[in-house]
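Chemist: All I have is the shape, not the residue letters:
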């Protein structure tokens, strides 16, 4: 809800912003794509992450998620 409110307040009127819960890892990301839980997208031009990793053991699953969901010419932005 907070992401949607923030986008409505600050994004250009033509922007499309959605947020969804996503378990990390290649398989959960692929399942979300197959089930259409990513707003109809299969890959993203930009993935923005902020304060997402607190346990080092979680980093490999996060990297798998980025690799699965990032478009070939996409970029990751760390805030």
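Modeler: Sure, I can see it. Note that the structure is predicted; figures quoted are calculated from it, not measured.

Chemist: Just after the helix or strand where residue 32 lies, pick out the following helix or strand.
Modeler: Element membership for residue 32 (DSSP states H and E) is helix 26-34. Proceeding N to C from helix 26-34, the next assigned helix or strand is strand 44-49, under DSSP H and E.

Chemist: So for that following strand, what gets flagged as buried?
Modeler: Neighbour-count burial for strand 44-49, counted by 16 or more other CB atoms under 10 Å, picks out 44, 47. For the C-beta atoms, the positions are set from N, CA and C on the backbone; glycine is no exception.

Chemist: and if you look at stretch 34-42?
Modeler: For stretch 34-42, by 16+ other CB under 10 Å, it's residue 38.

Chemist: between the strand ranked longest in the chain and strand 44-49, how many degrees?
Modeler: Looking across the chain with DSSP state E, the single longest strand is strand 70-78. Angle, strand 70-78 to strand 44-49, by axes from the mean of the first three to the mean of the last three CA atoms, to 10 degrees: 30 degrees.

Chemist: Direction included, what does strand 70-78 pair against?
Modeler: Sheet neighbours of strand 70-78, with direction, are listed as strand 44-49 (parallel) (DSSP bridges).
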